[in-house]
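K.L.:
sequence first, then the predicted structure, then my questions.
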Amino acid sequence: MKLKEWEVNDLYQELAGHNASVKEQQAKVDSLAQAIASARTELIKQRQNKALINIDVQRMAHMYMLQMQNQQQQESMQLQEMLQVRDDAQRRLNEVRKFVDNLEKNKEAMAHEFDLEAAKKEYQLSDDNWLQRMHWIKTT
């Protein structure tokens with residue numbers, strides 16, 4: 001697997017886009033939750049004041065709350081899907097980063113192994129030269 005720098009950058013940008021979308025969707029869900037809580041609080045206040053509540057108005061308020069709850073549920077499901085997509089992008093990015101880290105470690109290990117092998121060859125050559133020199137001195 002050969003990675004280009006722009007491919008890694010694309011993964012970072014993709015993740016940033018997903019994070020922005022998730023944040024925006026979370027704000028929608030939170031806003032709907034706030035609207036539902038406000039409507040519920042208002043209904044409770046009206047009941048506690050023992051005010052005469054028009055049945056049609058009460059029915060409309062309940063319908064409104066039901067509609068808001070359904071919308072919040074849909075938005076929450078969409079948020080969960082977006083979180084899954086974001087998590088998948090994060091997982092891919094983590095895999096790429098792990099691959100790059102391992103590649104770097106492997107590169108360093110290979111360079112060290114190469115250095116050791118080169119030093120070993122140098123010592124061997126030095127020993128061979130010394131032995132040849134000793135042999136030449138003894139024979140001359």
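P.N.:
That came through fine.

K.L.:
distance check, residue 38 against residue 44.
P.N.:
11 Å (C-beta to C-beta, to the nearest Å). C-beta here means a position set from N, CA and C on the backbone, and glycine is covered the same way.

K.L.:
just residue 31 next, same as before
P.N.:
From residue 31 to residue 44 the distance is 20 Å (C-beta to C-beta).

K.L.:
before we move on, what about residue 127?
P.N.:
In terms of C-beta to C-beta, residue 127 sits 94 Å off from residue 44.

K.L.:
model confidence for residue 64, exactly?
P.N.:
As predicted, residue 64 sits at a pLDDT of 91.

K.L.:
with residue 131 instead?
P.N.:
pLDDT, read off for residue 131, is 86.

K.L.:
give the other helices and strands that the helix or strand where it lies contacts.
P.N.:
According to DSSP states H and E, residue 131 maps onto helix 55-139. If contacts are counted by 3 or more C-beta pairs under 8 Å, 6 or more residues apart in numbering; DSSP states H and E, helix 55-139 sits against helix 5-48.

K.L.:
tell me the pLDDT of residue 50.
P.N.:
67.

K.L.:
residue 113 and residue 120, how far apart?
P.N.:
Distance, residue 113 to residue 120, using C-beta to C-beta: 10 Å.

K.L.:
what about residue 112, distance to residue 79?
P.N.:
49 Å.

K.L.:
more neighbours, those two?
P.N.:
residue 79 (17 against 10; other C-beta atoms under 10 Å).

K.L.:
not counting sequence-adjacent ones, nearest residue to residue 29?
P.N.:
residue 75 (4.9 Å; C-beta to C-beta, 6 or more residues apart in numbering).
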